[in-house]
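**Student:** Got a predicted structure here, sequence first:
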Amino acid sequence: MITIWAPEGVGEVRRGDDLADHLIPVLSGFELADGDVVCVTSKVVSKAEGRVVAGDRSAAIRRETRRLVARRGQLSIVVNRLGLTMAAAGVDASNIEAGSVLLLPEDPDASARTLRSAIACRADANVAVVLTDTAGRPWREGQTDIAIGAAGLRVLEDHAGQVDPYGNTLSVTAPAVADELAGAAELAAGKLGRRPFVVVRGRADLVLDAEDHGPGAAGLLRPGGTDLFGLGAREAVVTALRADPAERDVFGTPTDPAELAALVAALTGLEVTHSAAGLVLEAPDPRTRWVADVAAYAHGWEVVDAPDPHEISRIRLLPVTP
């Protein structure tokens with residue numbers, strides 16, 4: 001059985017506050033136990049760490065952005081400095097004084113480790129800590145909370161190699177339990193209830209030994225180039241047309257030559273041959289070369305001229321190597 005409790009009575013968190021001092025008094029006789037998971041909203045962590053800054057929200061978003069994923073009007077989805085893909089880089093202007101914005105914690109996993117250690121000292125309990133924040137989801141309306149920081153928790157529950165009740169071997173099933181705990185915590189706390197702490201009991205199997213903080217929520221981030229949706233639809237087209245070498249890695253590793261050959265042949269209506277020299281194509285006009293160049297770039301390849309200067313219309317497509 002899983003129980004979820006969001007205690008009330010937490011006062012305003014200010015810069016320099018010890019969050020354990022805010023949590024322990026509001027437990028009201030409820031004793032934390034080994035195996036509990038304490039979820040805390042990143043907003044109060046940011047306030048305690050002095051991440052409130054005065055000024056324009058748009059300027060703060062630009063500073064916190066590492067790469068634009070998609071933009072539609074005033075809405076921007078970006079990869080922020082933490083590697084999280086979020087609307088507005090996670091910069092928040094709600095529940096804070098006018099003229100100020102709230103940035104995400106400098107290092108959410110480190111913040112989770114600090115709070116975990118403080119709780120262990122004050123409550124004598126080996127708990128896991130999850131820092132939560134709200135994020136949207138592709139293809140679905142609404143938002144849910146996700147884990148942006150974690151300590152003492154197995155953030156993924158890997159079922160690969162296990163057998164289901166029908167005898168099928170699981171291969172890629174890995175529930176993001178840290179995100180599931182964050183979503184459950186938000187359901188109990190609500191957005192406007194001023195209950196920034198939530199205790200989840202019943203999944204002690206996910207809590208690591210006291211000396212082991214685990215991989216943190218950073219372990220949930222996909223490496224660059226492995227996300228199939230690293231750009232919005234418009235942005236993917238523009239990036240491929242721009243063909244900036246510095247942006248190439250967002251498209252991932254080079255695709256299979258047969259797949260690219262079929263695509264280029266379909267786009268140009270010309271024969272593409274595959275040899276030890278790469279994919280070879282007769283490009284009789286600049287437009288054909290341009291089409292091949294764009295397709296190659298978006299698939300991790302590049303267009304080079306044939307080595308024979310007498311074959312000026314022939315081009316080769318080669319996979320890009322790091």
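**Tutor:** Looks like it arrived, so ask away. Residues are numbered from 1 along each chain as shown.

**Student:** How much space separates Arg201 from Leu156?
**Tutor:** Look at Arg201 and Leu156: by C-beta to C-beta, to the nearest Å, they are 21 Å apart. The C-beta positions use only the backbone N, C-alpha and C, and glycine is treated the same way.

**Student:** ok, now Val177?
**Tutor:** Per C-beta to C-beta, Val177 is found 7 Å from Leu156.

**Student:** next one: Leu181
**Tutor:** 12 Å.

**Student:** Comparing the two, which shows the higher neighbour count?
**Tutor:** Leu181 (27 against 16; other C-beta atoms under 10 Å).

**Student:** can you pull the contacts of that one?
**Tutor:** Val37, Cys39, Val130, Ala147, Leu153, Val200, Arg203, Leu206 (C-beta atoms under 8 Å, 6 or more residues apart in numbering).

**Student:** Let's see that with 7 Å instead.
**Tutor:** Val37, Cys39, Val130, Ala147, Val200 (C-beta atoms under 7 Å, 6 or more residues apart in numbering).

**Student:** Is it within a helix or a strand, and which one?
**Tutor:** In this assignment (DSSP states H and E), Leu181 forms part of helix 177-189.

**Student:** where's the spatially most central residue of the chain relative to Leu153, distance?
**Tutor:** Geometric centre of the chain, nearest residue: Leu84, 3.8 Å, by C-alpha atoms, centre = their mean. Leu84 sits at a distance of 17 Å from Leu153 (criterion: C-beta to C-beta).

**Student:** ok, now Ala98?
**Tutor:** Shown here: Ala98 relative to Leu153, a distance of 36 Å by C-beta to C-beta.

**Student:** what about the two, which has more around it?
**Tutor:** Neighbours were tallied for Ala98 and for Leu153 using other C-beta under 10 Å; the higher tally belongs to Leu153 (28 against 5).

**Student:** and the closest residue to the more buried one other than its chain neighbours, how many neighbours?
**Tutor:** In this structure, Leu153 finds its nearest non-sequential neighbour in Ala128, 3.9 Å apart by C-beta to C-beta, 6 or more residues apart in numbering. Look at Ala128: counted by other C-beta under 10 Å, it has 28 neighbours.

**Student:** what's Ala128 sitting at in phi/psi?
**Tutor:** Torsion angles at Ala128 (phi, psi; degrees, to the nearest 10) stand at phi -100, psi 160.

**Student:** Was I right to think it contacts Val155?
**Tutor:** No - using C-beta atoms under 7 Å, Ala128 is not in contact with Val155; the gap is 9.5 Å.

**Student:** Quick one: residues contacting Pro215.
**Tutor:** Neighbours of Pro215 in contact, by C-beta under 7 Å, 6+ apart: Val155.
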